[in-house]
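Asker: sequence and predicted structure below; questions after.
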Amino acid sequence: TIAVEADMTDWATVRGYVEQGYTLSCSNDADTGGCTDGATSNTTTYGFGLGFNWGSTSLDMQINNQIFTDPIPTMTGFGEDRLSDGAVTLSYTF
């Protein structure tokens, strides 16, 4: 995983990441599917996020790679895996 985070202003932060994963071998002994004996795979995921901090209120947004590879279903909410496409967190501290 390679990640970078930088302050844009004193109240805004931007970050990005790229993650590379390898499976050199696997076993389908448990019959869980998705694995063929001796199979190898190579996966890459990426995304970016924005963070805003206004005193006691902060907003954090993360967008994963699904928005870049298939944007229309993701933006309209009809994507297959809507919950893992990104996250928004709004918090207030006092």
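Answerer: Looks like it came in fine. Residues are numbered from 1 along each chain as shown.
Asker: this protein: helices as residue ranges?
Answerer: When secondary structure is read from DSSP state H, the chain shows helices at 66-69, 71-76.
Asker: tell me, which of those helices is the model least confident about?
Answerer: Set side by side, the helices of the chain give their lowest mean pLDDT on helix 66-69, at a mean of 69.
Asker: and stretch 3-12, what's buried?
Answerer: Across stretch 3-12, burial judged by 16 or more other Cβ atoms under 10 Å covers no residue at all. C-beta here means a position set from N, CA and C on the backbone, and glycine is covered the same way.
Asker: remind me, longest strand of the chain?
Answerer: Assignment by DSSP state E gives strand 41-54 as the longest strand of the chain.
Asker: pairing partners for that strand, with directions?
Answerer: The strands beside strand 41-54 in its sheet (DSSP bridges) come out as strand 12-23 (antiparallel), strand 57-64 (antiparallel).
Asker: hmm, who's touching that strand?
Answerer: 11-23, 58-65, 68, 86 (Cβ atoms under 8 Å, 6 or more residues apart in numbering).
Asker: so, low pLDDT: which residues of the protein?
Answerer: Applying pLDDT under 70 to the chain flags residues 25-41, 65-68, 74-75, 77, 79-86.
Asker: hmm, try it at 50
Answerer: 83 (pLDDT under 50).
Asker: and for Asp47, the neighbour number?
Answerer: Quick fix: residue 47 reads Gly, not Asp. For Gly47, the count of nearby residues is 19 (other Cβ atoms under 10 Å).
Asker: spatially nearest residue to it (excluding sequence neighbours)?
Answerer: Closest residue to Gly47 in three dimensions, ignoring its sequence neighbours and counting by Cβ to Cβ, 6 or more residues apart in numbering: Asn64, at 4.2 Å.
Asker: gap between the one you found and Gly16?
Answerer: Here the criterion is Cβ to Cβ, to the nearest Å. By it, Asn64 lies 11 Å from Gly16.
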